[in-house]
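Got a sequence here, can you model it:
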Amino acid sequence: MSDTGRNLETRHPTERVHLLAHDDGQADAASVILDEYGRLGFGLPLRKGWHLTILLSLLLTTCIAQPMTQLEQLETLRSEPDPAKRTQLVDALWNDATESGTPLIPNDTTLIFLYRGPGERVRVSGDMTHSAEEIVLERISDTDLFVGTMHGPSDALFEYSLLIDDNFPVADQMNPYKVGSGFGYLSEVAMPDFEYHPALIDIRDGTLGGYDRVTQHTVPAGIMGYEKEIHVYTPPGYDDAEADYPTVYIQDGRDYIEFGHTPAVIDWLIERDLIEPFIAVFISPPNRHGQDQPNRATEYGLNPDYPQWMADDLVPFVESLYRVRKDPSQRMVAGDSFAGLVSVYIPFERPDVFGIGYGQSGYVSLNRDTLIERYATEETRPIRLYVDVGVFEHAVGKDWFPDYEINFTEGNRRFRDVLESKGYEFVYREYLEGHNWGNWRRHLIDAFQHFFPAKHD
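Residues are numbered from 1 along each chain as shown. Here you go, the predicted structure:
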């Protein structure tokens, strides 16, 4: 470097840039320079024989402009007064959503909901508001973009839908993850620290479970006065074995097959030697998801005939066709919501047949805690129970059920307290989830592993 060089060092608020002009007698050409201090730079020709050399310090990396975070993009978008620039910012944010899907998750506890399209009023309804209120999205002025933010636990799992004007709730079309339900598809979002079970990862796109692993039967009319449809799952190797198997009787049968993927999940667990093989009987209520009677409410709503039908009609029917263990401790009843209520009601009424009950988000508050009161005041039954509920279940069925019954989280806590005071053998769990199939299909796995662990020699 020429001794005639003049140091024109300048200062940047966060880093140092050295500008040196010198005469080196070389031809006009740009050059890359490494000086005697190990500083990297480049040279630009000014006129023949003169170069402007820019040397960057070791703090070069801090000179690189950092892109705005999604929250900063949103704040800039909201405050931008120029309509043309605002549109450019909308397009940039929407491009992010197109690549990553919605909602955007800018950090561990924040969600940014986006909707772009026709409509004058857009809301989000779901677990994150306990299904009691709605998140009203803000329309960005002079654009077709609606935005809204919310905060939640970093390890929660939410399901939600969009309400556009006064139309029926729909899944978020920009969210690739969805779950089927009796009300159609709901969108699903797993917060960054939520651990998705490997048995369920491949079905996050909303694929419904199939019937290829079950056999359909019609149970003749008996105590209930009408025929009943069931589907029976047998574990791999059943046809070639001679052993008898435990039996799980699952209410809302078709829902557990389609939305819960239960036959495939049982296969997955057995193949990895995580549970003991068992037979599963999927029992579907009449008029599935409909209001015509009879229906799931008339069966599951503490109807005294239903436990008798289960014990005296269904069990003999199943056990005449399949090799099962004929001991109450080897028969389990399971179900969700209304079916979760009846799944802890049946063993209470017929402990001579069913020794295990599993209520997922059970509607145990029905009729002002009628079943809870019976558990509290009557003799303790020789049964084992598993009870779980989501912490976001504070307003389940708010448009249909009485206000004093819709807080399923608190209802199940009251049930837990009674079970403890009466000395029942039970497991109680709460999850950062809501009243939905993402919750039920995941934690059914936990109950299976608890009651039917794999047997190792």
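
Just the pLDDT for the residue nearest to residue 404 when sequence neighbours are not counted.
Nearest non-adjacent residue to residue 404, counting by C-beta to C-beta, 6 or more residues apart in numbering: residue 368, 6.8 Å away. Using the backbone N, CA and C atoms, a C-beta is placed for each residue, glycine as well. Note for residue 368: predicted pLDDT of 97.

same thing with residue 268?
Reported pLDDT for residue 268: 98.

who's in contact with residue 138?
Contacts here follow C-beta atoms under 8 Å, 6 or more residues apart in numbering; on that basis residue 138 touches 78, 146-148.

Output the residues you listed in TSV; the columns should cover neighbour count.
Output for those, formatted as TSV (neighbours: other C-beta atoms under 10 Å):
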residue	neighbour count
78	13
146	23
147	22
148	19
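
Out of those residues, the closest to residue 414 would be?
residue 148 (34.0 Å; C-beta to C-beta).

how much space between the nearest residue to residue 418 once chain neighbours are set aside and residue 424?
Leaving aside its sequence neighbours, residue 418 sits nearest to residue 376 (C-beta to C-beta, 6+ apart; 4.6 Å). Separation of residue 376 from residue 424 (C-beta to C-beta, to the nearest Å) stands at 11 Å.

Kindly report the same for residue 406.
25 Å.

before we move on, what about residue 120?
For residue 120, the distance to residue 424 - C-beta to C-beta - is 53 Å.

Between the two, tell me which one has more neighbours.
Set residue 120 next to residue 424 and count neighbours by other C-beta atoms under 10 Å: residue 424 wins out with 17 against 9.

For the more buried one, give me its contacts.
Contacts of residue 424 by C-beta under 8 Å, 6+ apart are 375, 380-381, 383-385.

Could you list which of those residues belong to strands?
384-385 (DSSP state E).

Name the pair among the contacts of residue 424 with the greatest separation in space.
Pairwise over the contacts of residue 424, using C-beta to C-beta, the maximum falls at 375 and 384, 13.8 Å.

Of those two, give the one with the bigger neighbour count.
residue 375 (22 against 19).

Does that one touch residue 420 like I think?
No: applying C-beta atoms under 8 Å as the test, residue 375 and residue 420 come out as separate, 10.9 Å apart.

What segments of the stretch 301-450 of the chain are strands?
331-336, 356-360, 384-390, 425-431 (DSSP state E, counting those that start in this stretch).

before we move on, what about the stretch 51-200 of the chain?
So, for the stretch 51-200 of the chain - with DSSP E, counting those that start in this stretch - the strands run 104-107, 110-116, 122-126, 135-136, 138-139, 145-151, 157-164, 178-179, 186-190.

Sheet partners, orientation included, of the fifth one?
Here strand 138-139 has these sheet partners by DSSP bridges: strand 145-151 (antiparallel).

which residues are in contact with the strand it pairs with?
Strand 145-151 has contacts (C-beta under 8 Å, 6+ apart) with 71, 74, 77, 90, 93-94, 109-116, 119, 122, 124, 128, 135-140.

Stretch 197-210 now?
With C-beta under 8 Å, 6+ apart, stretch 197-210 has contacts from 171, 176-180, 185, 188, 196, 257-265, 268-269, 441-442, 445.

Just the CA trace of it, in PDB.
Output in PDB follows, covering the C-alpha atoms of stretch 197-210 (Å, rounded to 0.1, in the frame of the first residue of the first chain):
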ATOM      1  CA  HIS A 197     -46.400 -38.000  18.600                       C
ATOM      2  CA  PRO A 198     -44.600 -39.800  15.800                       C
ATOM      3  CA  ALA A 199     -47.600 -42.100  15.300                       C
ATOM      4  CA  LEU A 200     -49.700 -39.100  14.200                       C
ATOM      5  CA  ILE A 201     -47.300 -36.900  12.200                       C
ATOM      6  CA  ASP A 202     -48.200 -38.300   8.800                       C
ATOM      7  CA  ILE A 203     -51.900 -37.500   9.100                       C
ATOM      8  CA  ARG A 204     -51.600 -33.800  10.000                       C
ATOM      9  CA  ASP A 205     -52.900 -32.900   6.500                       C
ATOM     10  CA  GLY A 206     -56.400 -34.000   7.600                       C
ATOM     11  CA  THR A 207     -56.400 -37.500   6.000                       C
ATOM     12  CA  LEU A 208     -59.300 -39.500   7.500                       C
ATOM     13  CA  GLY A 209     -58.700 -43.000   8.900                       C
ATOM     14  CA  GLY A 210     -59.900 -45.900   6.900                       C
END
